[in-house]
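Colleague: fold the following.
(one chain, ligands or ions: 1)
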Amino acid sequence: MSIPQTTTSHQAGNHSLTRTAFQILRAVASRPCCLWDILSSTDGTIRDIYDTCRWLRERGWIVERDGRVQLGRLPKYWTQALRVDFEQHREQFRGVAGECPAPTTQFFQEPIVPDDVVRRVEFLYERGDLFERAILVLGDDDLFSLAAGLTELPRRIVVGEIDERVVNFINAEAKKRNLKVEAFVYNVAEPLPAHLRRAFDVFVMDPVETVSGFSAWLSRGLAAIRHPGAVYFGLTELECPPSYWHKFQRLLVDCGLVLTDILRNFSHYKNASLANPQAWQKTKLVREAPLPAKADEQPHWYRSSFCRAVTVKTPKVPIRGRIKLDSRFYRSPYTMTLD
Ligand SMILES: C[S@@+](CC[C@H](N)C(=O)[O-])C[C@H]1O[C@@H](n2cnc3c(N)ncnc32)[C@H](O)[C@@H]1O
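Modeller: Model (predicted):
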């Protein structure tokens, strides 16, 4: 049986695990499992789950005793990857995120609160898209790359980001903590550098939610990933109406992806970029408010859904060349939070 998966290498040997295989091993690591335990905790078709169980059993990675399966002999780093303490990573990441450069409206930055960034990482893990995967992040004021890197599970994380301060911060933290994370200055208006094309399994973005912004971000990500691959993105309803969601979903489908998850209100934002009262007063959010918009009374009201799509074939890349960054790139008629 062939498993459609890029091969990954490690000092413990050359192995490859699909998402399904990883999820089955994770379930079995938590307790001896019967068939129903495995079916209820693994994504995918029953046929694929059955094939993968046989494949794991042939290699001795799961063994059967009295109608239940247990873990067989596995590389040690696999066993560690099957049980992860995200509470510890959350604590660690709060410290890292507290040091990041202040957000700027110049690049439409507004970071997600640290605990919600770790929830995103946890969701990738849950879906089998974190362990041993090569991940590209485009635009990372949220520091998702560092949060994911702290787990030591991904094979490689690369960040392309326009703001040099964020790039320097990520590289310095990665070096200090010996993480497999590297960042470079990159503008999504430019084509993706050739050496990054089809070099990743997973693409993560929190793009500007204009039609040209989303299309540019997605195009660079689709040039970066191979099949089977996954795309994760944040999208809000507050500045992005259903007609835009429709365009974005159609683009995903036309490029050979299918939406698998929309986690409603999964990420909340810090409300930090407009801390300067003058900038705050100039926003449409404040100027057009039907009630007093009191900055100091804000809870974390700005939120986005976290979405996931997977490839059904090697994705098409809608835009390959350079894009002109005009006023429609960062602002749509629905943009309210910029000055
Ligand atoms: C687009 S902002 C979105 C911020 C926020 N998380 C949200 O959804 O409102 C996300 C990241 O993209 C970066 N960014 C903005 N314009 C960019 C561009 N043209 N190329 C690459 N990164 C860009 C920002 O610096 C920031 O780190």
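Colleague: list the contacts of whichever strand or helix holds D51.
Modeller: Assigned by DSSP states H and E, D51 belongs to helix 46-58. For helix 46-58, the external contacting residues (C-beta atoms under 8 Å, 6 or more residues apart in numbering) are 1, 3, 18, 20-21, 24-25, 38-39, 42, 62-64, 69. Where C-beta positions appear, they are placed from N, C-alpha and C, glycine not excepted.
Colleague: need the next SSE after that helix, C-terminal direction.
Modeller: As assigned by DSSP H and E, the chain's next helix or strand after helix 46-58 is strand 62-65.
Colleague: same for that next one, what does it pack against?
Modeller: Helices and strands touching strand 62-65, as assessed by 3 or more C-beta pairs under 8 Å, 6 or more residues apart in numbering; DSSP states H and E, comprise helix 19-30, helix 46-58, strand 68-71.
Colleague: returning to what we had before: got a winner among the contacts of helix 46-58 for most neighbours?
Modeller: If you count neighbours using other C-beta atoms under 10 Å, the busiest of these is I24, which has 28 neighbours.
Colleague: and the helix holding D51 with helix 19-30, angle?
Modeller: Helix 46-58 runs at 60 degrees relative to helix 19-30, counting by axes from the mean of the first three to the mean of the last three C-alpha atoms, to 10 degrees.
Colleague: so which bits of helix 46-58 are buried?
Modeller: Neighbour counts over helix 46-58 (16 or more other C-beta atoms under 10 Å) mark 48-49, 51-53, 55-56 as buried.
Colleague: of all the residues you listed, which comes closest to the ligand?
Modeller: The nearest member of these to the ligand, counting by C-beta to the nearest ligand atom, is D48 at 34.0 Å.
Colleague: nearest to the ligand, out of the helices and strands packed on strand 62-65?
Modeller: Closest among the helices and strands packed on strand 62-65, using C-beta to the nearest ligand atom: helix 19-30, at 26.1 Å.
Colleague: output the helices and strands packed on strand 62-65 as CSV; include the columns distance to D116 and mean pLDDT.
Modeller: Shown next, in CSV, are those (distance: least, C-beta to C-beta, whole Å; pLDDT from 0 to 100):
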stretch, distance to D116, mean pLDDT
helix 19-30, 23, 98
helix 46-58, 31, 97
strand 68-71, 32, 97
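Colleague: make CSV from the ones you listed and add distance to the ligand to it.
Modeller: What follows is these, written out as CSV (distance: least, C-beta to the nearest ligand atom, whole Å):
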stretch, distance to the ligand
helix 19-30, 26
helix 46-58, 34
strand 68-71, 39
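Colleague: now tabulate these in CSV and tack on distance to Y302.
Modeller: Output for the helices and strands packed on strand 62-65, formatted as CSV (distance: least, C-beta to C-beta, whole Å):
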stretch, distance to Y302
helix 19-30, 31
helix 46-58, 39
strand 68-71, 43
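Colleague: the ligand contacts on the stretch 151-300 of the chain?
Modeller: With C-beta under 6 Å from any ligand atom as the criterion, the stretch 151-300 of the chain meets the ligand at residues 161-163, 166, 186-189, 206-208, 234.
Colleague: cool, thanks, talk later.
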